[in-house]
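1. kindly return the folded structure for what I paste below:
(one chain, ligands or ions: 1)
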Amino acid sequence: MYHDLEEKYAIKHPPLKGIDLHVYDNFSDKRLLSEIRKLAENVQGREWAHINSTFEGGGVAEMLRSVIPLVRGLGIHSSWYCIEGGEDFFVLTKKFHNLIQGVVQEYDARDIFQTYIETLKNNFDGKPVTADMTIVHDPQPIASIVHGEYLGKTLWRCHIDTSEADQMIWNFLLPYINHFDGAIFTQKSFVKPGVKVPAYGISPCIDPISVKNNQYTKETALQVLEPLLQKYNIDPERPMVLAVSRYDVHKNQPTIIQAFKELKRQKDIKKLNPMLVMVGNSASDDPEGQAMYEMIQKEIGEDPDIYALLNIPNNDVNIGALMRLANHFVHVSTKEGFGLVVTEAMWQGCPVIGSKVGGIVQQVIDHQTGFLVEPLAVNEVSRYMRYFLLNPDERDVMSKNAVEHIRQNFLLPNLVQKYLVLMNHLLGFEKKIPYFRIQ
Ligand code: UDP
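-> Predicted coordinates:
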């Protein structure tokens, strides 16, 4: 059976209590906040559910943990269900994930019928989802639209970069996608042919009031980081190049390592004594994380200036503080749905060297909030690392631009406003087609 997240994990995570929209007064535009209030009035008392496959690790869980309290605070019932599956299920759905991002993977029909569909049937068997609107996140639970039962309106929310999805997996997903009342993609280029239901473009966002996105001063950042820096013997006085992401084939950490090694060979840079700090975790629905981490360690070799940390203690506080302290952030994924780490880093005032891929291009404005590069362009990444280290004034201007760009476009209220427009539309309170419909 799928699980009500809060029932199952109540001990680990205290219930997600509703919060008042006022807490965003210092971050978001007044007009946006009052629009949210108006939109919420129509749907107060209605139920809005989310279904995904992991309660921690990765961007989806991160966002749900913020969306739900805000929506509850607006008087809408909001629930979060998590499907359950064995290791074979998650190995298979990870293959789906990779195939969607264009990586060839082998699987056979038995995997689909015995593992994938059976797991979803077991999760939903005899247990209809009664919410007025349900958002089903990513491919893991997608087939529940056929093998489960939904009594209200349904949306499939795709967080993955599907622009180069393997045709076979896309053909497999399409009939499911087309059973929903609509599908949400991060950008138009992710909507491949065959989607017959309305498609909407909504960017993910970060929550400025979450612990991770608390904007630190340099002093506080140093204070909170002290135990971590001590534990790993990291000297905060050294200029820090930072990279944070899951250890995953698409996150392309080897390019960052190679670029940094190239950077260090330059005499004037050597004098600055920079270090590369890489931080990663593994999600419970991602069975490849540990193997990738070991591969990254091999790539680093004996280099004493590169730190690769896995599952750091006090994660949220430390991630934000590291981003505040770093000279710049590098995120050169080969595929990227959006890249919340980029948003988080920019919000802490850390300019970004990002790849021209997926949602990263919505965030990194070339030469204004950072630099855009091809994902495997080691030399170019190295050149921009050098630029940031040698040009502190220009770096600081980009830092300010980065914070403002996120403030205007990618904070939680921006996301919730669009979801509420959709809810009003789907439940019949608003006839107008949402302005962010992309197909
Ligand atoms: N993250 C974290 N600790 C880590 C690595 C990642 O808390 O060691 C978080 C990161 O801060 C971000 C999320 O995991 O909030 C990753 O989201 P993103 O969209 O960047 O990538 P995804 O993992 O969803 O592909």
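
2. worst-scoring helix or strand of the protein, pLDDT-wise?
-> helix 5-8 (a mean of 66; mean pLDDT, DSSP states H and E).

3. next secondary structure after that helix?
-> As assigned by DSSP states H and E, the chain's next helix or strand after helix 5-8 is helix 30-43.

4. buried residues in that next one?
-> Within helix 30-43, the residues that qualify as buried are 33, 36, 39-40, 43, counting by 16 or more other CB atoms under 10 Å. C-beta coordinates here come from the backbone N, C-alpha and C atoms, glycine included.

5. can you list those residues in TSV and add pLDDT and distance to the ligand?
-> As requested, the buried residues of helix 30-43 are arranged in TSV below (pLDDT from 0 to 100; distance: CB to the nearest ligand atom, whole Å):
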residue	pLDDT	distance to the ligand
Leu33	98	24
Ile36	98	23
Leu39	98	26
Ala40	98	26
Val43	98	27
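
6. pLDDT weak spots in this structure?
-> 1-2, 5-14, 283-285 (pLDDT under 70).

7. can you give me the strands for it?
-> If DSSP state E is used as the criterion, the strands of the chain fall at 3-4, 47-52, 77-82, 133-137, 153-157, 182-185, 199-201, 240-244, 275-280, 306-310, 328-331, 352-355, 370-373.

8. pipe those into TSV and attach mean neighbour count and distance to the ligand per row.
-> Formatted as TSV, the strands of the chain follow (neighbours: other CB atoms under 10 Å; distance: least, CB to the nearest ligand atom, whole Å):
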stretch	mean neighbour count	distance to the ligand
strand 3-4	14	21
strand 47-52	23	11
strand 77-82	22	16
strand 133-137	25	11
strand 153-157	23	13
strand 182-185	24	15
strand 199-201	21	17
strand 240-244	25	5
strand 275-280	22	5
strand 306-310	18	8
strand 328-331	27	8
strand 352-355	28	11
strand 370-373	25	15
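
9. nearest to Asp396, out of the ones you listed?
-> The minimum distance between Asp396 and the strands of the chain falls on strand 328-331, with 11.2 Å, by CB to CB.

10. separation between Asp125 and Ile117?
-> Between Asp125 and Ile117 the computed distance is 12 Å (CB to CB, to the nearest Å).

11. who's more crowded, these two?
-> Neighbour totals were compared for Asp125 and Ile117, and Ile117 leads with 15 against 12 (other CB atoms under 10 Å).

12. in contact with that one: list those residues for me.
-> Listed by CB atoms under 8 Å, 6 or more residues apart in numbering, the contact set of Ile117 reads 143, 147.

13. excluding chain neighbours, what is closest to the closest residue to the ligand within the stretch 1-150 of the chain?
-> Going by CB to the nearest ligand atom, the ligand is nearest to Gly59 of the stretch 1-150 of the chain, at 3.1 Å. Using CB to CB, 6 or more residues apart in numbering and skipping the chain neighbours, the partner closest in space to Gly59 is Leu340 (4.3 Å).

14. check whether Phe190 really touches Ser163, as I assumed.
-> Yes - using CB atoms under 8 Å, Phe190 is in contact with Ser163, at 5.5 Å.

15. what is in contact with those two at once?
-> Here Phe190 and Ser163 have Gly358 as joint contacts, going by CB under 8 Å, 6+ apart.

16. look at the two and report which has more neighbours.
-> Neighbours per residue (other CB under 10 Å) separate Phe190 from Ser163, with Phe190 holding more: 25 against 18.

17. what's the closest non-adjacent residue to that one?
-> Thr162 (4.6 Å).

18. measure the one you found to Val195 for me?
-> On the measure of CB to CB, Thr162 and Val195 end up 10 Å apart.

19. next: Trp48.
-> Distance from Trp48 to Val195, by CB to CB: 23 Å.

20. ok, Ile319 - contacts?
-> By CB under 8 Å, 6+ apart, Ile319 lies in contact with 212, 244, 279, 312, 344.

21. let's see 6 Å
-> Residues counted as contacts of Ile319 (CB atoms under 6 Å, 6 or more residues apart in numbering) are Lys212.

22. same check, this time on Asp111
-> Residues counted as contacts of Asp111 (CB under 6 Å, 6+ apart) are Leu92.

23. for the ligand, what are the nearby residues on this protein?
-> 58-59, 62, 244-246, 279-281, 315, 319, 338-341, 344 (CB under 6 Å from any ligand atom).

24. run the last query once more with 8 Å
-> 57-60, 62, 159, 204, 206, 212, 244-246, 248, 250-251, 279-281, 283, 309-312, 315-316, 319, 331, 336-342, 344 (CB under 8 Å from any ligand atom).

25. chain neighbours aside, what residue packs nearest to Leu39?
-> Leu420 (3.9 Å).

26. number of residues surrounding Gly45?
-> Neighbour tally, Gly45, other CB under 10 Å: 8.

27. phi first, then psi, for the nearest residue to it once chain neighbours are set aside.
-> Leaving out its chain neighbours, the residue that sits closest to Gly45 by CB to CB, 6+ apart is Gly75, at 6.7 Å. The phi and psi values for Gly75, taken as degrees, to the nearest 10, are phi 90, psi 10.

28. Gly75 contacts Asn42, doesn't it?
-> No - with contact defined as CB atoms under 6 Å, Gly75 does not count as touching Asn42 (10.7 Å).
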